[in-house]
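[1] For reference, the sequence and a predicted model appear below.
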Amino acid sequence: MAAGGSKAQGSGGGWFVAATIGLALCIAGTEYERYTALWVFETRSVAELASIVLFIAAVLAVLVNRTLRRKERFYRNKPFLAVFAAVQTAGLAGRCAQAMGIAFSEPISIAVSVAMHCASILFVVYAEFFLDVGVRKAVSAFAFGIAGAGVLQILVLAFEWQVAVGALVLFVPGSVGLLMWSDAQYLDGMREVEREDIAAEVRDSEGFARDFPFWEYCISIALLEVLLIALHSTVMVTQDSGDASFVIQVTSGIGTLIAGAVFYALVRYLQETEFLELLRILVLPLVLVGLYVSALFGASGVPLYLVPLAVAYSILLLFVWTVPRNYRKGNTPFVFTCIAYFSYRAGWALGVYGIMILPDRFGDLLGTAIVLVVFSVLLISSAVRLLQFRRNSARRIDKAKEAAELQANTDIAFAEACARVSRRYQLTPREGEVLVLLARGRNARHIAEALVISDGTARTHIMHIYQKMELNSQQVLMDIVDAELREVMREVQ
């Protein structure tokens, strides 16, 4: 038995490590545009932006529909994963061709951009896989995954351009392969253990879901992404596929690595609700610092505001990864994951359109106005949410006190009711103690353990009580005590 347990434990460690490495590759695959030392990206067109958003929306809608109808697990659908990996790799190949100077027509260029976003769908599928494990293990995997993506972002600079691109091409296929292997190693016995943790997690998340409406989190994610695009647009103008891009990539990787380390440290010492609320409070000041530094130093201060930018990006992804776990209506948190991720991408599209495209047509003042409006909305909503959170916390404390007082009064009344029944039927002190436990529905074995007596002695006391009260069942005894309890409560009132 010990050997079997060791084997299961080892397998559990193996699947977790493999899935975490796969997640790191997946996150790196969704953020190719951070690898700015390899190529420079031009501002997207409205048609390209709309095509990407429609593609992501359509795929997520299919996932949601099939999840609700068939309860399908997409991380087990190998053809689905293989097709998305192949399409995404083809898109990356097209992007490499563009970087080498090969010109494509506008429809093909749009198709290349759309194909590269298949990695985004893979991130959602990884989130689905980790919905089957406890929240702390899932957050730990994300922390290591985001840190690993940062390390990859730095390491890729150590190689020649051709070698680096070859490594990037392997990210998503490697991620898919590791996900398949992890699922095969994730045994049914491990799932049963995780279900116990998830059941407790569901109970704990009920209060969170009441206090924090899901739509509010989605809007916050979208608006924060708009602000991050404003910062990202400042970085883009400094890209040169040379030294400046090299500094950008290293700094961004360091910021992502820092974010992973912070997440792992915090989740070890905080409750899940505290952890999420702390990050929610921190993300807006991080964005404000980045905006201030970018306005103060401009292109010369890119390394200074790229770190808060990378941390804020990581926090938003963590919200998508974690928050839907608290909304399990109909036992379909994956549906909420899809909606949260679409909010993240919708914010990205709004940011690119409002910060990068519209100002080119109507002036930079429009982009500044959009940033101010979005920041003001987030600041006001955060202040209102903080007040509501404190008010709800105070109400919960008052309710807990009232419940404790009511329980104490009920216990006193119950003890008095049992004492009256004991006196009425002339029970001995020990029989009175047994009566209290019988009235609470306890059996002979429990009574023996509670009073530290043998089973035979407990049964003898029970028999004497039944004889003196002229009863033949425990239910009748409980009814007598309940009637006496109601009388005591009426006297108290």
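    Here it is on my side, so go on.
[2] name the element the closest residue to Asp455 other than its chain neighbours belongs to?
    Leaving aside its sequence neighbours, Asp455 sits nearest to Ala448 (Cβ to Cβ, 6 or more residues apart in numbering; 4.8 Å). Where C-beta positions appear, they are placed from N, C-alpha and C, glycine not excepted. Element membership of Ala448 [criterion: DSSP states H and E] is helix 444-451.
[3] Give me the contact list for that helix.
    Here helix 444-451 makes contact (Cβ atoms under 8 Å, 6 or more residues apart in numbering) with 430, 433-434, 437-438, 442, 453-455, 457-459, 461-462.
[4] if I look at Leu68, how far off is Phe336?
    As defined by Cβ to Cβ, to the nearest Å, Leu68 lies at a distance of 12 Å from Phe336.
[5] okay, the two: which has more neighbours?
    With neighbours defined as other Cβ atoms under 10 Å, Leu68 and Phe336 compare such that Phe336 has more, 23 against 13.
[6] Tell me the secondary structure at the more buried one.
    helix (DSSP: H, G, I helix; E, B strand; the rest coil).
[7] Isn't it up against Val320?
    No. Using Cβ atoms under 8 Å, Phe336 is not in contact with Val320, being 9.8 Å away.
[8] for the stretch 101-250 of the chain, which spans come out with low pLDDT?
    187-211, 237, 240-241 (pLDDT under 70).
[9] Can you show me the helices along the stretch 1-150 of the chain?
    For the stretch 1-150 of the chain, the helices defined by DSSP state H, counting those that start in this stretch occupy 2-30, 46-70, 78-99, 106-116, 118-130, 135-155.
[10] which one of these is the most hemmed in?
    helix 118-130 (a mean of 24; mean count of other Cβ atoms under 10 Å).
[11] Please compute how far the lengthiest helix in the chain lies from its chain's middle.
    For the chain, the helix that runs over the most residues, judged by DSSP state H, is helix 364-424. Here the centre of helix 364-424 is set off from its chain's centre by 23 Å, with Cα atoms, centre = their mean, to the nearest Å.
[12] just checking, what packs against it?
    On a contact count with 3 or more Cβ pairs under 8 Å, 6 or more residues apart in numbering; DSSP states H and E, helix 364-424 meets helix 188-211, helix 214-236, helix 272-297, helix 358-362, helix 429-439, helix 474-492.
[13] any chance of those helices in a markdown table, plus distance to Val169 and mean neighbour count?
    Shown next, in a markdown table, are the helices and strands packed on helix 364-424 (distance: least, Cβ to Cβ, whole Å; neighbours: other Cβ atoms under 10 Å):
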| stretch | distance to Val169 | mean neighbour count |
| --- | --- | --- |
| helix 188-211 | 33 | 14 |
| helix 214-236 | 24 | 21 |
| helix 272-297 | 31 | 18 |
| helix 358-362 | 33 | 12 |
| helix 429-439 | 70 | 19 |
| helix 474-492 | 72 | 14 |
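[14] Can you lay out these as TSV showing distance to Leu81?
    Below are the helices and strands packed on helix 364-424 laid out as TSV (distance: least, Cβ to Cβ, whole Å):
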stretch	distance to Leu81
helix 188-211	20
helix 214-236	25
helix 272-297	29
helix 358-362	37
helix 429-439	57
helix 474-492	57
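[15] out of these, which comes closest to Ser314?
    Comparing those against Ser314 with Cβ to Cβ, the closest turns out to be helix 272-297 (9.5 Å).
[16] next SSE after the closest one?
    Where DSSP H and E defines the elements, the next helix or strand beyond helix 272-297 is helix 302-322.
[17] Name the residues of that following helix that are buried.
    302-303, 305-322 (16 or more other Cβ atoms under 10 Å).
[18] State the mean pLDDT of it.
    Helix 302-322 carries an average pLDDT of 84.
[19] for it, packing partners?
    Using 3+ Cβ pairs under 8 Å, 6+ apart: helix 302-322 touches helix 118-130, helix 135-155, helix 214-236, helix 243-269, helix 272-297, helix 333-351.
[20] Of all these, which one is nearest Ala50?
    Among those, helix 333-351 sits nearest to Ala50 (Cβ to Cβ), with 8.0 Å.
[21] so what's the backbone phi/psi at Pro213?
    Dihedral pair for Pro213: phi -60, psi 140, per degrees, to the nearest 10.
[22] what's the domain layout of this structure?
    8-195+211-362, 398-492 (automatic domain parsing).
[23] would you list those in JSON lines and tack on distance to Arg390?
    What follows is those, written out as JSON lines (distance: least, Cβ to Cβ, whole Å):
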{"stretch": "domain 8-195+211-362", "distance to Arg390": "11"}
{"stretch": "domain 398-492", "distance to Arg390": "13"}
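[24] hmm, back to that, do you know how far the residue nearest to Asp455 is from Asn472?
    Distance, Ala448 to Asn472, by Cβ to Cβ: 21 Å.
[25] Same drill for these two, tell me which one is more crowded.
    Set side by side, Ala448 and Asn472 show more neighbours around Ala448, with 20 against 9, by other Cβ under 10 Å.
[26] follow-up on the earlier one: what is the subsequent helix or strand relative to the helix holding Ala448?
    Counting by DSSP H and E, the next helix or strand C-terminal to helix 444-451 is helix 455-469.
[27] For the residue nearest to the spatial centre of the chain, which residues are in contact?
    Most central in the chain under Cα atoms, centre = their mean is Thr322, positioned 0.3 Å from the mean C-alpha point. By Cβ under 8 Å, 6+ apart, Thr322 lies in contact with Val135, Ala138, Val139, Phe142, Glu272, Leu276.
[28] Contacts only, for the residue nearest to Arg73 when sequence neighbours are not counted.
    Leaving out its chain neighbours, the residue that sits closest to Arg73 by Cβ to Cβ, 6+ apart is Glu128, at 6.8 Å. The contact partners of Glu128, by Cβ under 8 Å, 6+ apart, come to Arg73, Phe74, Tyr75, Phe334, Thr337.
[29] Give me the buried subset of those.
    Buried among the contacts of Glu128 by 16+ other Cβ under 10 Å: Phe74, Tyr75, Phe334, Thr337.
[30] Max pairwise distance over the residues you listed: which two?
    Using Cβ to Cβ, the two most remote members of the buried ones among the contacts of Glu128 are Tyr75 and Thr337, lying 12.0 Å apart.
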